[in-house]
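Visitor: Need the 3D shape of this:
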Amino acid sequence: MKWEKLDFCFSIENYIRDCRYRGAAVPFAHELGDGLYRIYYTARDPENRSHIFYMDMQLFPLEVVHICPEPVIVPGELGAFDDSGTMMSWLTAVGSEYYLYYIGWNLGVTVPFRNSIGLAVSSDGKAFTKMFQGPVMDRTRFEPHFCASSCVLKEDGIFKMWYLSCTGWDTVDAAPRHKYHIKYAESQDGINWERTGRVAIDYKDSGEYAISRPCVIVKDGRYQMWYSYRGDRYRIGYAESRDGLVWERKDEEAGIDVSENGFDSEMIEYPFVFSCHGKQYMLFNGNEYGQTGFGIAVQREP
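Guide: Residues are numbered from 1 along each chain as shown. Model (predicted):
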């Protein structure tokens, strides 16, 4: 496959005058109809705390038509699992409601941060309420570090989640460095999750230490996943599966890489793939983990 980047980059401070927030990380597209999409994304405040916003964007022509000026999900109360920030992960339709899975994080002392997975609910995709004050997925006796960055699909009444799981911390140049890959879990209700420790995407070598933001779609009876992976700098990877459980990495077929210059000249990560009018599109972040905003690409036939 081959992705063609379109001439577009969105960062909240470039669209809202006197904006106190910056960036647009981990974008997610929800279809509204007629080529109009609601894009949920994460921006940071002057204290570096992350908040979840949304904007509405049409593809034909490609332009922003509305930006919600205030965040829809904000950091939690002091001491809560998300008191340092909330970051967008995934939106799943459940009956007449929408479940929004998000990353809640705390600042650490011995390590820089700790992540968990929170859940918010909405009836219209605009106003969200946190379903619980605590996370729906957190570290356990079998996963003792942290979990985050989930993709949640509902198939035949079963909720299926591919999520980031931290396997430990190393010390590199006298500083702690995380290690995480992607695991799989299931649920009957989207709230209580059964985790067996099944690994979906594992490290390919000793130099790779971070695999994140899985995006899974099912096309022609085949599961396809795009994700971020890094040794030195983030790149976008790709894998395929017959059942969503056993995956074959095909990173060389991802079809997208950094640009020679611009907002994604150093790194490219956090892909989200969706279909519109028979074509596939990808939202993605660039330099500085999304602080330079997100771009969009369209898949071209080889």
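
Visitor: Just give me the neighbour total for residue 70.
Guide: 8 (other CB atoms under 10 Å). Where you see a C-beta, it was placed from the backbone N, CA and C, and this is true even at glycine.

Visitor: pLDDT weak spots in this protein?
Guide: Residues of the chain meeting the criterion pLDDT under 70: 302.

Visitor: measure the residue of it positioned farthest from its centre to residue 112 for me?
Guide: What lies farthest from the middle of the chain is residue 174; by CA atoms, centre = their mean that is 29.1 Å. Per CB to CB, to the nearest Å, residue 174 is found 13 Å from residue 112.

Visitor: pull the CA atoms of the longest strand along the chain into CSV?
Guide: Ordering each strand of the chain by length in residues (DSSP state E) puts strand 158-172 first. The C-alpha coordinates for strand 158-172 follow below in CSV (Å, rounded to 0.1, in the frame of the first residue of the first chain):
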residue,chain,number,x,y,z
ILE,A,158,-17.9,-9.2,22.3
PHE,A,159,-15.8,-6.2,23.0
LYS,A,160,-12.2,-6.7,21.7
MET,A,161,-9.4,-4.5,22.9
TRP,A,162,-5.8,-4.2,21.7
TYR,A,163,-3.9,-2.1,24.2
LEU,A,164,-0.5,-0.9,25.2
SER,A,165,1.1,-2.9,28.1
CYS,A,166,4.3,-1.8,29.8
THR,A,167,6.6,-4.7,30.4
GLY,A,168,9.1,-2.8,32.6
TRP,A,169,11.6,0.1,32.8
ASP,A,170,15.2,0.3,31.9
THR,A,171,17.8,2.9,32.9
VAL,A,172,19.4,4.6,29.9
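
Visitor: how about the next helix or strand along the chain from that strand: buried residues?
Guide: Following strand 158-172 in sequence order, the next helix or strand is strand 175-187 (DSSP states H and E). For strand 175-187, a neighbour-count test (16 or more other CB atoms under 10 Å) marks 178, 179, 180, 181, 182, 183, 184, 185, 187 as buried.

Visitor: that older thread, now do the residue farthest from the centre of the chain against residue 113, distance only.
Guide: The gap separating residue 174 from residue 113 is 18 Å, by CB to CB.

Visitor: helix, strand or coil for residue 13?
Guide: Of the three states, residue 13 takes helix under DSSP: H, G, I helix; E, B strand; the rest coil.

Visitor: That one reaches residue 21, doesn't it?
Guide: Yes. In this structure residue 13 lies within contact range of residue 21 using CB atoms under 8 Å: 6.6 Å.

Visitor: what about the two, which has more around it?
Guide: Neighbour count, other CB under 10 Å: between residue 13 and residue 21, residue 21 has more, with 21 against 16.

Visitor: show me the contacts for the closest residue to that one other than its chain neighbours.
Guide: Excluding its sequence neighbours, the residue lying closest to residue 21 (CB to CB, 6 or more residues apart in numbering) is residue 43, at 4.0 Å. Applying CB atoms under 8 Å, 6 or more residues apart in numbering, we find residue 43 in contact with 12, 21, 22, 23, 24, 25, 50, 51, 53, 71.

Visitor: Helix or strand for residue 102, just tell me which one.
Guide: Assigned by DSSP H and E, residue 102 falls within strand 97-107.

Visitor: could you say what helices and strands the helix or strand encompassing residue 30 packs with?
Guide: Element membership of residue 30 [criterion: DSSP H and E] is strand 22-33. Applying 3 or more CB pairs under 8 Å, 6 or more residues apart in numbering; DSSP states H and E, we find strand 22-33 packed against strand 36-44, strand 50-59, strand 85-94, strand 269-276, strand 279-285, strand 294-300.

Visitor: Sweet, I'm off.
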